[in-house]
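Peer 1: A structural model of the following input is requested.
(2 chains)
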Amino acid sequence: MRRFMQLAVLSAALGIALALAAQVSQDSRGLFEQAVAALEHGATTEAIDRFELLADRGFVHPDASFDRAAAYVERARGAQARPGDLGRAAAALAEALELRPDDREAELGLDKIRAEISRRHVREGVAPVMARPSLARAACSLLDENTWAGFAALGSLLLAAGLFTRRFLKATNSGVVGGVAIGVGTALLASCAALTAGARHFRLSSEPAVVIVEEARLLDEAGKPLAKGRGSDAVSVPEGASVYVLERRPNLDRVEWGGVEGWLTPGELRVLATRASL
Amino acid sequence: MSFAGYRLGALVTASAVLITVQAQAQYSTHTVVNARRVEVGQTFLVKFTAMSNGGRATVTDAKLTLPASMHASSPSHSSETTMDLTSGTMNQGLSFTWQVTASSPGKFKVGPPVMTISGTRVQGDAQLVEVVPAGTGGPAGTGGPSPFDPFTFMNQFGGGNFLPPGFFQEPQDQQAAPEVDNSPEDMRVQQAPDPLAFLHATLTPKRAVIGEQLSLRIYAYGSRGLFKPASSTEPTHADFLSYNVEDPDGGRFHPLNIAGTRFLGAKIRELALFPLHAGTLQAGAMKMGFAGEGYPNKTPTQGLVRESNLAEVIVSEPPLQGRPPGYKLGDVGDYTLNAAVDPRQIMAGDAVSVVATLSGVGNVPFKLITPEKTGVEWLEPSVNEHVEAKENIVQGSRVFTYVVRINQPGSIDLGELTLPFYDPKRHVYQIARAALGTVSVTPNPNLSKHPPDERVDRLASVLRLRKVLGAEASAQKPLGDRKGFWLFLLGAPLGVILSGGGLSLLGTLRERLRARGQSLSAQIELSLAEADSAASKDAAGTVAALERALFGAIELKLGLKARAVLKSELGAALALRGLPEELARDTSRLLEDCDALRFIGAPSGVQAKELVTRSRRLITDLRSAKVAPPE
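Peer 2: Below is the predicted model of the structure:
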């Protein structure tokens, strides 16, 4: 009897949880439709408010991110444009790409938006600043972490096959075949396992983010502007630039921008949702 | 009126009061009232103090005898320590204070109060109080400064002009205030971090949402009498937006008893703070120099410098549940929104003025949500504000004046201005709304002549709106997070290597075992075992096995293939190869017995079992025999 009661309570709790989850999902989809309708009617700010509320509620979807970018772009084009709109659009598209890496339209849109930001900076007399990621991060981000992992597994299998061939097969050319397999497998395993470990390290130790203000000045830990060098100007990260958040504090976030590390205020950044965070 | 006229039943007893004071048989007592003349219904205070310089004692009882027309509350009690500057002795005292209310006019004798200290009855003096009808005159003089007025010694400094006007200046009605702990709740502290002087910061409430009003109060406490600020720094509050709060009670001294020591406390600063972000935020850290007679100082300008503690508050975002679109973090309070539109009739391309007033309690937001309509353009508003802290609560209004250009002719409904906000008292989101109504817009023939905007729009149709949600992003489950993946990477080649090694090892072992199984020693042992098992049933088999064992033993010992030697010559051959003659003879004889058993059988008198035993012994002797080198 007691067991039956426990089962009944568990089932009821599960049912309620599922119903609540379904309700939240339904609400979010409804909010998405309202946002789309507002954008279709030219109410860009209203659409943005709704898309942002969706994001605040934790609704993560590549198409919602894409449409949020579209709303920001629409507002940036109109008279109601606000500073940082293009940066926010870039952040939304970068998020869409994080969630759906093969989204060509988002990729092209992001390129165009970043180009437009650079063009506007040039028009205002600000030289565009490019920052290349560190070699290790660039290498690790060439492919998806799981792809590196797949290649590492392939290398492992190849090495194992080579060893097997040399050890167990008695065919005349088994020594040569096994030797080649061992060589290729070892190289593949070592390099791809290292890249997998690197990609994993970067994933766990940093979060991708995009600068959403017109210019974000890098600060030191005390909040003072970071100097490029002796007597030179402060280092500024342009709108729409991708950075990696290494550490978060209430007032400042430690970021990596290219090879430079510094601190930015949380309001200057938009941290992106990723598939790993789902 | 005789004392007998008073009802003894009006005794007020402080029951179950157990307080330990320093006491002895010698007590000095003081009984005072804070008003000699009161109105009917008005409350006055009676304080009874017993002072002693002796040891510890327990107060078990305190009573105040009252006339029938008066009643009193349960007494409050406090202990105090004073120092006699002439004798240098410390005096410990205990006071009981009653709040007495008179219900009929007349002149009454109040008291005497009585205290029982460690079984000793200590009695004060009765006091005369005149009660007048209500409305005929308030409390009259107390007959000079109250002996328990903490501020009396202000007069030492010239009639109370020691402090700057308006700050740390006790009001006149406090001159006669009794030493009762009527300090604000916020001011009371359990422990004094410094016996001389200290600052204490409080931040309330302890949990809040972003944008909710908090109160930061800094109190100064001194145990050496009155003080004034010699120097001060403002309290830190980097994570907050602040409003200064003018408190009428600010700077007023309150006597407090903190862990047995009498302090004077005063609020020196109050700020209304609005947290700007979530987290555990800190405020406080204010420095102040205490200046006054009893406060040592390094420099006269600094005074005795003390720093307040840091007060913390846990700040979170308002809940996501029920959050309306357009809500901006920090918009917290309770607001109403009104708006006026003027004019209501314009030509297309002209503008109307929209004046919106947002008023309420809280840090009134700086931005409203304007409606978005095709052909209606809202320009940035000018904002006038009047926000201040009134009675510790920040409130006020902001007036937003918009210029709204309408390019489309017709009856244009402007929609409504809105402001979503979070009400922390009701814990709900609300939306302040102001409907703007319609504006009649007549066509403007010149409007179309405006030059078109020739800016190149590079962002046009860069992104096509996606009206439906496609496939959801698949959650990435990184292989690198699985231990099995890394085990597999190493395990696959290592497995092959280990398997190969294992197989090799196995082969070697097998080989060795096989070799071992084929060795002479093994064969000897095997043959003996076979002979043993066959001894009882198969004489021929036993003999054959014993012969194999014996020939093996000879070969093992001497390297001689004995089968090739005639048995009749075997003894000599063995001896020739260095085997002791006796052993050689025994060997030959055993072989002959074997033949006898084989060919004659049991009639030969040779027993198979006995033969096995002899063979074992002989083989053992053979293996251990010392072989002489052949001559």
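Peer 1: list the buried residues in whichever helix or strand residue B:487 is part of.
Peer 2: Element membership of residue B:487, judged by DSSP states H and E, is helix B:483-518. Across helix B:483-518, burial judged by 16 or more other C-beta atoms under 10 Å in any protein chain shown covers B:485-486, B:488-489, B:492-493, B:496. From N, CA and C alone the C-beta is placed, and that goes for glycine too.
Peer 1: distance from that helix to the middle of the chain?
Peer 2: Distance, stretch centre to chain centre, for helix B:483-518: 56 Å (C-alpha atoms, centre = their mean, to the nearest Å).
Peer 1: helices or strands up against that helix?
Peer 2: helix A:145-168, helix A:174-205 (3 or more C-beta pairs under 8 Å, 6 or more residues apart in numbering or on different chains; DSSP states H and E).
Peer 1: try 10 Å this time
Peer 2: Other helices and strands packing on helix B:483-518, by 3 or more C-beta pairs under 10 Å, 6 or more residues apart in numbering or on different chains; DSSP states H and E, are helix A:145-168, helix A:174-205, helix B:520-534.
Peer 1: among those helices, which is the most enclosed?
Peer 2: helix A:145-168 (a mean of 20; mean count of other C-beta atoms under 10 Å in any protein chain shown).
Peer 1: angle of that one against helix A:174-205?
Peer 2: Following axes from the mean of the first three to the mean of the last three C-alpha atoms, to 10 degrees, one obtains 150 degrees for the angle between helix A:145-168 and helix A:174-205.
Peer 1: helix A:145-168 close to chain B?
Peer 2: Yes. Helix A:145-168 is in contact with chain B by C-beta under 10 Å from any C-beta of the partner chain, via A:145-150, A:152-153, A:155-168.
Peer 1: show the pLDDT at the closest residue to residue B:333 other than its chain neighbours.
Peer 2: Spatial nearest neighbour of residue B:333, chain neighbours left out: residue B:362 (1.9 Å); criterion: C-beta to C-beta, 6 or more residues apart in numbering or on different chains. Predicted confidence (pLDDT) for residue B:362: 94.
Peer 1: hmm, residue B:362 is touching residue B:214, no?
Peer 2: No. With contact defined as C-beta atoms under 10 Å, residue B:362 does not count as touching residue B:214 (11.8 Å).
Peer 1: overlap in contacts, those two.
Peer 2: With C-beta atoms under 10 Å, 6 or more residues apart in numbering or on different chains applied, the overlap between the contact sets of residue B:362 and residue B:214 consists of B:272, B:274.
Peer 1: where does the chain have low pLDDT?
Peer 2: Just going to use chain A. A:1, A:17-26, A:128-129, A:228-234 (pLDDT under 70).
Peer 1: can you look at chain B instead?
Peer 2: For chain B, the ranges with pLDDT under 70 are B:1-26, B:53-60, B:78-92, B:136-182, B:248-250, B:448-456, B:516-517, B:630-631.
Peer 1: buried residues, the helix ranked longest in chain A. List them.
Peer 2: Longest helix in chain A by number of residues (criterion: DSSP state H): helix A:2-40. Using 16+ other C-beta under 10 Å as the test for burial, helix A:2-40 gives A:28-29, A:31-32, A:34-36, A:38-39.
Peer 1: now distance to chain B too, for these, in a markdown table please.
Peer 2: Listed next are the buried residues of helix A:2-40 as a markdown table, based on distance: C-beta to the nearest C-beta, whole Å:
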| residue | distance to chain B |
| --- | --- |
| A:28 | 9 |
| A:29 | 7 |
| A:31 | 7 |
| A:32 | 6 |
| A:34 | 8 |
| A:35 | 8 |
| A:36 | 5 |
| A:38 | 8 |
| A:39 | 6 |
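Peer 1: and which of these is nearest residue B:571?
Peer 2: residue A:28 (108.8 Å; C-beta to C-beta).
Peer 1: any idea how far the closest one is from residue B:316?
Peer 2: 22 Å (C-beta to C-beta, to the nearest Å).
Peer 1: ok, now residue B:550?
Peer 2: 99 Å.
Peer 1: of the two, who's got more company?
Peer 2: For the pair residue B:550 and residue B:316, the greater number of neighbours falls to residue B:550 (23 against 13), based on other C-beta atoms under 10 Å in any protein chain shown.
Peer 1: got a list of contacts for the longest strand seen in chain A?
Peer 2: Of all the segments assigned as strand in chain A under DSSP state E, the longest by residue count is strand A:242-248. Strand A:242-248 has contacts (C-beta under 10 Å, 6+ apart) with A:90-91, A:94, A:110, A:114, A:131, A:133-134, A:137, A:202, A:205-211, A:216, A:218, A:221, A:237, A:253-258, A:260-264, A:266, A:268-269, A:271-272.
Peer 1: what's opposite the residue in the stretch 151-300 of chain B that chain A sits nearest to in the beta bridge?
Peer 2: In the stretch 151-300 of chain B, the residue that lies nearest chain A is residue B:279 (3.9 Å; C-beta to the nearest C-beta). Here residue B:279 shows beta-bridge partners residue B:315, assigned using DSSP bridges.
Peer 1: touching, it and residue B:315? I think so.
Peer 2: Yes. Between residue B:279 and residue B:315 there is a contact under C-beta under 10 Å: 6.0 Å.
Peer 1: who's more crowded, the two?
Peer 2: residue B:315 (23 against 16).
Peer 1: tell me which residues touch that one, please.
Peer 2: A:250, B:207-212, B:214, B:239-240, B:274-281.
Peer 1: just the buried members of these?
Peer 2: Buried among these by 16+ other C-beta under 10 Å: B:208-212, B:214, B:239-240, B:274-279, B:281.
Peer 1: keep only those of the residues you listed that are in strands.
Peer 2: Filtering the buried ones among the contacts of residue B:315 for strands - DSSP E - leaves B:208-209, B:214, B:240, B:274-275, B:279, B:281.
Peer 1: as a markdown table, these with distance to residue B:621 would be great.
Peer 2: Below are those laid out as a markdown table (distance: C-beta to C-beta, whole Å):
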| residue | distance to residue B:621 |
| --- | --- |
| B:208 | 104 |
| B:209 | 104 |
| B:214 | 107 |
| B:240 | 107 |
| B:274 | 110 |
| B:275 | 104 |
| B:279 | 96 |
| B:281 | 100 |
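Peer 1: separation between residue B:125 and residue B:49?
Peer 2: On the measure of C-beta to C-beta, residue B:125 and residue B:49 end up 11 Å apart.
Peer 1: neighbour count for the two, which is higher?
Peer 2: Ranked by neighbour count (other C-beta under 10 Å), residue B:125 and residue B:49 place residue B:49 first, with 23 against 13.
Peer 1: which element is the more buried one on?
Peer 2: Going by DSSP H and E, residue B:49 is in strand B:43-52.
Peer 1: dump the residue contacts of the residue lying closest to residue B:581 once chain neighbours are set aside.
Peer 2: Once flanking residues are discounted, residue B:581 sits nearest to residue B:575: 5.0 Å by C-beta to C-beta, 6+ apart. By C-beta under 10 Å, 6+ apart, the contact set of residue B:575 is B:581-585, B:587-588, B:628, B:630.
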